[in-house]
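Peer 1: just to be clear, the model below is a prediction. Sequence and coordinates:
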Amino acid sequence: MKGHGIYYDGLRPISRKINLEIDGSYLLLIDVESGETISQWLLAEVSRDQDHNTAFYLKHNQGLERVEVIQFPQGLERYTRNFSATSNKSILFTLGIIAIVLLLGIGTWFLAAPISQFIATKVPYDQEVKLSRKIDIINESKWKVCKGSNESNLALSKILASLEIPQDLDFKIETVDLNIANAIAYPGGQIVIFDGLLKKVTSGDEIAGVIAHEIGHIVKRHSMAVIVRTSIFAMMLSFISGDFSSAFALDPSTVMSMATLSFSREMEHEADLYALEILKKSKISSSGMKDFFSRQELKSDTQDKWMSFLSTHPEYENRIETFNVAYAHRDEPVLTPHELDALKRHCIE
Amino acid sequence: MDMERTPKHLSYDGNGTDLAFLMYKNLLFTIFTLGIYAPWARTEMRRFIWGNLSYEGDRFKYTGQGIELFKGWLIVVGIYVAAAIIFGVVGKAVPFLPLIIFPFYIYLYALIVYGGTRYRLSRTKWREINFGLKRDKKLSRSFILLVFKGVILSLITLGFYFPVFKHNIRKFIIDKSHYGNKFFEYEAVAGDYFLLCIKVVALSIVTLGIYVPWGICELVSFRISNTRLDTVSFRLHLKGKDFFVYSVASYLLSVLTLGLATPWIINWGNSLIFNSIEVFGELNYEEVYNQISMNGDGSADVASVEYDIDLAF
């Protein structure tokens, strides 16, 4: 059975209707009108023109001639392997790309944390402070800063004075009136203690431990590492979407939003260990922290325990274990009961 | 599959479902390869659109390769990163750096417009004959000067000169574009185009934007009807109300389907526009011969897409 198609010589914009016939190992192109054989192509040298994905075009070697196949001649199917739209090279290339990307993806997943931590330590701390000062996180969040009384401020200062923290560390502590039992370390050395935490503590040692823990995040540059890590993933997402220019644009408010993302479990554990070192140096008992986490654990129910598996915070058990260390420490707590009471009322007065 | 010949107007017969398969496949591959596949995706899209566009029964052909766009993308990213670093380092010491390098931006814009158009034309064929855009040092200099003049005058006149600027760019590029050995010609007069732009803008403002589809039709129709290829002229007989219906319907469809209907919307738009282009006169094909020109690299094309820069056409 004859096939038919349209022939282009590649020299003039003239198309000719042709019949297609197989003659041995040749493909004959026969002009429909005149009946003359325009050309004969060695089948071994015929391949598909990949520049068309809407119709089937054949080409001969690197020549300019092309044939649009409207109907395949009988026998040409034997050679269709040659006409596969997807060549072996393309398949290998695609598989290669997929393999590279999988490796990149897996590598990024596992290496993102250590790489971002490494980069974070290379960013000068004063640059981090400058960045954080561009955004006033407390005003942005519309939190009410507790001014406190003379007594409560003195109590806080006493705790800070008792901690053996690096003298040249640039940080500040604010207390906000929010009923959350938590404290957060923001980029640039901003520590925010929520009033809910002050209400829950039973000794000044607990607050000392919490402050030491947040300072641990600052010293270990965890906030910067989170920013770098999140930026890496954001950059990857930008590349996926094709908008690579946004990969290099990070405005300060975005940065601060990133910084409110939780630290990883490893980071929290690292901060706990740092806090323990500070408490040891300061000769403050770690039992305050142990007691605090024990009370939190008692309050948590089964659902919390399951959620803790997903949470970035180490489980209470692990944290209690971390602070369950015997070492020489002062007998009396950092704050007297009266001073502690004043501090607990920091946000009331 | 048999194909009927269609006389004297462009014909677009793409299928929305086929385009949807292609676009969703491209999307998945692009996501899965973190964007690396994007140049090949763009190439396949162009092959689809070009391949479904025909004249006198013969399809257009896009011969660009994904690897060319990928190399171009690497160049553009490299330039962008270098610029970001320079801005970050030097920008602190030199406060007026953006003003100082503004002329460089204009130069880049000129390169992108000319280079991007040149790339796409050189990768377009009809009946195996190449389109192209002429280029030599003298032309490049003239075009860059034209762009500089246009930008500066547009700034001085607070934008009033802008339509004339766009007209001049279009005329320069179209007059240097060719099919085989035959050159296009843009016959429009700057003043007419300027007045048309003023009319479109004024009516769009007065009608709170409702006139925009009619305005777009008029502008595109003006450009097409003033373009010739030797003895051949063109006309767009698309009505404003058809384009208005398309604009509203495509917006609603897009919103209601959360974007899933995009391939069908694109296909519908292509069909609406291309099928409305009429061709008058005939080329003497015996006098047309091929000028092989695989000129231009993909970086200008990539940059024009990344920064959404309008090319001459």
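Peer 2: Sure, I can see it. A quick note: this is a predicted structure, and the numbers were derived from the prediction, not measured. Residues are numbered from 1 along each chain as shown, chains lettered A, B, ... in the order given.
Peer 1: neighbours of residue 164, how many?
Peer 2: Defaulting to chain A. Using other Cβ atoms under 10 Å in any protein chain shown, A:E164 is surrounded by 14 other residues. C-beta coordinates here come from the backbone N, C-alpha and C atoms, glycine included.
Peer 1: oops, wrong one, chain B.
Peer 2: B:V164 has 18 nearby residues by other Cβ under 10 Å.
Peer 1: spit out the contact partners of it.
Peer 2: By Cβ atoms under 8 Å, 6 or more residues apart in numbering or on different chains, the residues touching B:V164 are B:150, B:153, B:190, B:193-194.
Peer 1: just the element for it, please.
Peer 2: Assigned by DSSP states H and E, B:V164 belongs to helix B:162-176.
Peer 1: what's the mean pLDDT across the strand or helix carrying A:E268?
Peer 2: Assigned by DSSP H and E, A:E268 belongs to helix A:265-281. Per-region confidence: helix A:265-281 scores 91 on mean pLDDT.
Peer 1: the helix or strand just after that helix: how far from the chain's middle?
Peer 2: Sequence-wise, the next helix or strand downstream of helix A:265-281 (DSSP H and E) is helix A:287-299. Offset of helix A:287-299 from its chain centre (Cα atoms, centre = their mean, to the nearest Å): 32 Å.
Peer 1: show me what counts as buried in helix A:287-299.
Peer 2: Buried positions in helix A:287-299, judged by neighbour count with 16 or more other Cβ atoms under 10 Å in any protein chain shown: A:287-294, A:297.
Peer 1: closest to chain B among those residues?
Peer 2: Using Cβ to the nearest Cβ, A:F293 is the member of the buried residues of helix A:287-299 that sits closest to chain B, with 40.9 Å.
Peer 1: which residues touch that closest one?
Peer 2: Applying Cβ under 8 Å, 6+ apart to A:F293 gives the contacts A:316, A:319-320, A:323.
Peer 1: need the residues you listed in CSV (columns: secondary structure, pLDDT and neighbour count).
Peer 2: Shown next, in CSV, are the contacts of A:F293 (DSSP: H, G, I helix; E, B strand; the rest coil; pLDDT from 0 to 100; neighbours: other Cβ atoms under 10 Å in any protein chain shown):
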residue, secondary structure, pLDDT, neighbour count
A:Y316, helix, 80, 20
A:R319, helix, 87, 22
A:I320, helix, 87, 18
A:F323, helix, 89, 22
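Peer 1: picking that back up, now, which of the buried residues of helix A:287-299 sits nearest B:Q291?
Peer 2: A:F293 (79.5 Å; Cβ to Cβ).
Peer 1: for chain A, what's its nearest residue on the stretch 51-200 of chain B.
Peer 2: Across the stretch 51-200 of chain B, no residue is closer to chain A than B:G51, which sits at 3.3 Å (Cβ to the nearest Cβ).
Peer 1: out of the contacts of A:F293, the closest to B:T43 would be?
Peer 2: A:R319 (55.0 Å).
Peer 1: now compare the contacts of B:V164 and name the two farthest from each other.
Peer 2: Greatest spatial distance among these (Cβ to Cβ): B:L153 and B:Y193, at 15.2 Å.
Peer 1: need the strands for the stretch 1-150 of chain A, in chain order.
Peer 2: Listed in chain order, the strands of the stretch 1-150 of chain A (DSSP state E, counting those that start in this stretch) span A:3-8, A:15-23, A:26-31, A:37-42, A:46-48, A:57-60, A:66-71.
Peer 1: closest one to A:I207 among those strands?
Peer 2: Evaluated over the strands of the stretch 1-150 of chain A, closeness to A:I207 peaks at strand A:46-48, with 75.4 Å, by Cβ to Cβ.
Peer 1: can you give the strand pairings for the closest one, parallel or anti for each?
Peer 2: Using DSSP bridges, strand A:46-48 pairs in its sheet with strand A:57-60 (antiparallel).
Peer 1: mind checking how far stretch B:75-95 is from the chain centre?
Peer 2: On Cα atoms, centre = their mean, the centre of stretch B:75-95 falls 29 Å from that of its chain.
Peer 1: show me where pLDDT drops low in the stretch 1-150 of chain A?
Peer 2: For the stretch 1-150 of chain A, the stretches with pLDDT under 70 are A:77-94, A:97-98, A:134-140.
Peer 1: could you list the residues of it in contact with chain B?
Peer 2: Within the stretch 1-150 of chain A, the positions lying close to chain B (Cβ under 8 Å from any Cβ of the partner chain) are A:6, A:8-15, A:51-55, A:64-66, A:68, A:70-71, A:97-98, A:101, A:104-105.
Peer 1: pull out the buried residues from the residues you listed.
Peer 2: Buried residues within these, counting neighbours by 16+ other Cβ under 10 Å: A:6, A:8-10, A:12-13, A:15, A:51-55, A:65-66, A:68, A:70, A:97, A:101.
Peer 1: higher neighbour count, B:L153 and B:Y193?
Peer 2: B:Y193 (21 against 14).
Peer 1: quick check: that one touching B:P163?
Peer 2: Yes - B:Y193 lies in contact with B:P163 (Cβ atoms under 8 Å); the separation is 5.9 Å.
Peer 1: so for those two, which residues contact both of them?
Peer 2: Joint contacts of B:Y193 and B:P163 (Cβ under 8 Å, 6+ apart) do not exist.
Peer 1: quick one: mean pLDDT for stretch A:227-242?
Peer 2: Averaged across stretch A:227-242, pLDDT comes to 73.
Peer 1: I meant to write stretch B:216-235 there.
Peer 2: Averaging pLDDT along stretch B:216-235 yields 93.
Peer 1: with stretch B:41-57 instead?
Peer 2: 92.
Peer 1: do stretch B:239-248 as well
Peer 2: On average, stretch B:239-248 scores 92.
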